[in-house]
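Asks: Let me see the structure of the following:
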Amino acid sequence: MGFGDLKTPAGLQHLNDFLADKSYIEGFVPSQADIAVFEAVSGPPPANLYHALRWYNHIKSYEKQKASLPGIKKALGKYGPADVEDTTGSGATDSKDDNDIDLFGSDDEEESEEAKKLREERLAQYESKKSKKPAIVAKSSILLDVKPWDDETDMAKLEECVRSIQADGLVWGSSKLVSVGYGIKKLQIQGVVEDDEVGTDMLEERITAFEDYVKSMDVAAFNKI
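Replies: Sure thing, here's the model as predicted:
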């Protein structure tokens, strides 16, 4: 797990790919996870890695208050996609994790075949039991304000465009039109997202892409479920 060496083009490419549908390294708010990765990057990513560059510039704005961000900073190798090998050595820790614990180890230099077989069976049972634990999926409820260009915008078509956006981990809910003055109404729409699958930046990018109808999008409310 990890991004590799974030001072190399390959490491930055892994970071850019990881952030393609995420706002932050973990969850939906800046945290110590972002600071840990930010500090491993030597400078702004190149312009063609726009997901990484957008994230870098955003986290840079928190430099003076980084100590107040939530979470606990972990080794760099603990963050990133699971299919990228951590080549920095930063994933190492002084203590063993659950996968490395020898629950049934022996102090004897030589181990009988029977004892070895028993230990392997128990370790297999332990790994099987651990793998069957259900994964916890973090979800959030969001309320978006989608604003049209003017009072002549077809709001039914605008809503149709918004609801046409489909993604794994995204479920649209109820909606309503709210007056903002001068005959203009905005679309207020609810949704539920899986934090690891859908980011607000991704939603904003895809909603504002309907530029014939949408002037802007704001997050009116955001709550963990």
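
Asks: which SS state does residue 52 fall under?
Replies: helix (DSSP: H, G, I helix; E, B strand; the rest coil).

Asks: Now for it, how many residues are close by?
Replies: 26 (other Cβ atoms under 10 Å). Where C-beta positions appear, they are placed from N, C-alpha and C, glycine not excepted.

Asks: Check residue 125 too.
Replies: 10.

Asks: Give me the helices and strands touching the helix ranked longest in the chain, please.
Replies: Longest helix in the chain, counting residues (DSSP state H): helix 113-131. Contact partners of helix 113-131 among helices and strands, from 3 or more Cβ pairs under 8 Å, 6 or more residues apart in numbering; DSSP states H and E: none.

Asks: buried sites along it?
Replies: residue 119 (16 or more other Cβ atoms under 10 Å).

Asks: cool, and stretch 184-196?
Replies: Within stretch 184-196, judged by 16+ other Cβ under 10 Å, the buried ones are 184-191, 193-196.

Asks: With stretch 74-83 instead?
Replies: 76-80.

Asks: and the residues you listed as JSON lines, adding secondary structure and pLDDT?
Replies: Converted to JSON lines, the buried residues of stretch 74-83 look like this (DSSP: H, G, I helix; E, B strand; the rest coil; pLDDT from 0 to 100):
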{"residue": "76", "secondary structure": "helix", "pLDDT": "85"}
{"residue": "77", "secondary structure": "helix", "pLDDT": "84"}
{"residue": "78", "secondary structure": "helix", "pLDDT": "87"}
{"residue": "79", "secondary structure": "coil", "pLDDT": "88"}
{"residue": "80", "secondary structure": "coil", "pLDDT": "84"}
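
Asks: got the residue ranges for the helices in this protein?
Replies: Taking DSSP H as the criterion, the chain carries its helices at 9-18, 32-40, 50-60, 113-131, 155-163, 200-207.

Asks: List the buried residues in the fifth one.
Replies: Think helix 155-163. Under 16+ other Cβ under 10 Å, the buried positions of helix 155-163 are 155, 158-159, 161-162.

Asks: now that helix against helix 200-207, angle please.
Replies: 130 degrees (axes from the mean of the first three to the mean of the last three Cα atoms, to 10 degrees).

Asks: Which of the buried residues of stretch 74-83 sits closest to residue 53?
Replies: Residue 53 lies nearest to residue 80 out of the buried residues of stretch 74-83, by Cβ to Cβ, at 17.3 Å.

Asks: which of the buried residues of stretch 184-196 sit farthest apart?
Replies: 184 and 196 (35.8 Å).

Asks: Any regions of this protein where pLDDT drops low?
Replies: Scanning the chain for pLDDT under 70 picks out 1, 83-111, 130-135.

Asks: and the most far-flung residue of the chain relative to its centre, how far is that from residue 60?
Replies: Within the chain, residue 112 marks the point farthest from the mean C-alpha position, 47.4 Å out by Cα atoms, centre = their mean. Separation of residue 112 from residue 60 (Cβ to Cβ, to the nearest Å): 59 Å.

Asks: try residue 67
Replies: 15 Å.

Asks: Name the residue in those two with the higher neighbour count.
Replies: residue 60 (12 against 8).

Asks: residues near the closest residue to the more buried one other than its chain neighbours, how many?
Replies: In space, and not counting its chain neighbours, residue 60 is closest to residue 38: 7.3 Å by Cβ to Cβ, 6 or more residues apart in numbering. For residue 38, the neighbour count with other Cβ under 10 Å is 19.
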